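> sequence and predicted structure are below.
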Amino acid sequence: MNQLDAMTAFVRVAELGSYTRAAEALDLSRTRVSRQVMELEEHLGVRLLQRTTRRLHLTEAGERYLARAQGILQALEEAADEVGSGTGEIRGRLRVNGPMSFGTRHLAPLVTRFMVEHPALEVRLDLNDRRVDLLEEGYDLAIRIGSLPDSSLVARRLTRCRLLLCASPDYLAAHGEPRHLEELAHHRCLRYRTGGSGGDWQFGGRRLATRGPLESNNGDVLTLAAEAGLGIAQQPSFLVTESIREGRLVPLLGHEPPVTLDVHGLYPARRHLPAKVERFLAWLAEAWGDPPSWERELGL
């Protein structure tokens, strides 16, 4: 038995409350994780987990061992990070979560460039638009855009993006160009919706009711619909820069104060931030810039 691997498996099972989820986080089979925990229990001579058909429970010995094991694993990771930061080499595994459309365009290319510069680093990059639990799902950091819910996570601002109103030349030729925000109520609006939010558009402290033929939880869908002349979209600048530059979309109401969203890196609070996270966040902030590259192209 490799005691360190077995300890890691036990900690992930205890934190995630599931052998299956722990196996996914560790990229191992469920059978392998279960065997590692059983071997650890045999080595220690105590039962760490009570297994029932519905859930797992830590025994009293398991609770004591978990606290010590978490401290040991964090200390090992911090030691490796400190040594790596002294040599300029980053090792280990970096687990990153980000939003789908932004991640495809502006996060994934930087991840690959970062990995080229640090060949000893392994990365798991997951892109989706749902709110993930970093601790429960095993991520080192997440990239999030917009307002952040209150949590124990640490947020580092990396850059910004603006929300831009835009429509195709064909739509504007057929329906006219709005000159004031109030006129949007008479236009076909393509609306982003996620969870229970959507429908209304916000402009600073103002909320404007909108209606239109399409709602979607994906910004790429709305951008394509706007290019097809289906209506006006309020989209983040990183999604529509190319469309505006190539004339497929026209920005509207440029005289109105812009709605700006911050782009943050979120990570769990801890005594020592791993070098791989620190260096990656600095890499992103420098590469994107502030204002970001996708807005500088439009002169924003």
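Looks like it arrived, so ask away.
> report the contact partners of the residue with the largest distance to the centre of the chain.
Distance from the centre of the chain peaks at Gly45, with 41.1 Å (CA atoms, centre = their mean). Residues near Gly45 by CB atoms under 8 Å, 6 or more residues apart in numbering: none. Heads up, the C-betas are built off the backbone N, CA and C, glycines and all.
> please apply the same query to Gly219.
Applying CB under 8 Å, 6+ apart to Gly219 gives the contacts Ser101, Tyr192, Gln235, Pro236, Leu239.
> keep only those of those that are in strands.
Among these, the ones falling in strands (DSSP state E) are Tyr192, Gln235, Pro236.
> looking at the contacts of Gly219, which is nearest Leu214?
Tyr192 (10.0 Å; CB to CB).
> what's the neighbour count on that closest one?
Look at Tyr192: counted by other CB atoms under 10 Å, it has 20 neighbours.
> and for Leu253?
Close neighbours of Leu253, defined as other CB under 10 Å, add up to 18.
> any idea what Thr194 is bridged to?
Judged by DSSP bridges, the bridge partners of Thr194 are Ser197.
> pull up the gap between it and Glu137, please.
19 Å (CB to CB, to the nearest Å).
> neighbour-wise, which of the two wins?
Using other CB under 10 Å as the criterion, Thr194 and Glu137 rank with Glu137 on top: 16 against 13.
> which one is the more buried one nearest to, not counting chain neighbours?
If the residues on either side of it in the chain are set aside, Glu137 comes closest to Ala25, at 7.2 Å by CB to CB, 6 or more residues apart in numbering.
> swap in Arg248?
Distances taken as CB to CB, 6+ apart place Glu227 nearest to Arg248, at 4.7 Å, with adjacent residues excluded.
> that older thread, out of the contacts of Gly219, the closest to Val277 would be?
Nearest to Val277 among the contacts of Gly219 is Ser101, at 23.4 Å by CB to CB.
> isn't Gly212 right next to Gln234, touching?
No - the pair Gly212 / Gln234 is not scored as a contact, 10.8 Å apart, by CB atoms under 8 Å.
> what sits in contact with each of the two?
What both Gly212 and Gln234 touch, as defined by CB under 8 Å, 6+ apart, is the set Cys189, Arg191.
> of those two, who's got more company?
Gln234 (24 against 18).
> so what's that one up against?
For Gln234, counting by CB under 8 Å, 6+ apart, the contacting residues are Leu163, Leu164, Leu165, Cys189, Arg191, Tyr192, Trp201.
> and the third one, how far is that from Leu76?
The gap separating Leu165 from Leu76 is 51 Å, by CB to CB.
> same check, this time on the last one
Look at Trp201 and Leu76: by CB to CB, they are 49 Å apart.
> cool, the fifth one as well?
Distance, Arg191 to Leu76, by CB to CB: 48 Å.
> one more: the fourth one?
Here the criterion is CB to CB. By it, Cys189 lies 53 Å from Leu76.
> what does the first one give?
The span separating Leu163 from Leu76 equals 44 Å under the rule CB to CB.
> more neighbours, those two?
Neighbour tally, Leu163 and Leu76, criterion other CB under 10 Å: the higher count belongs to Leu163, 20 against 13.
> which helix or strand contains the more buried one?
Assigned by DSSP states H and E, Leu163 belongs to strand 153-167.
> which residues of this protein fall in strands?
For the chain, the strands defined by DSSP E occupy 49-51, 56-58, 92-98, 121-127, 141-145, 153-167, 189-192, 201-203, 206-208, 214-216, 232-236, 250-251, 259-268.
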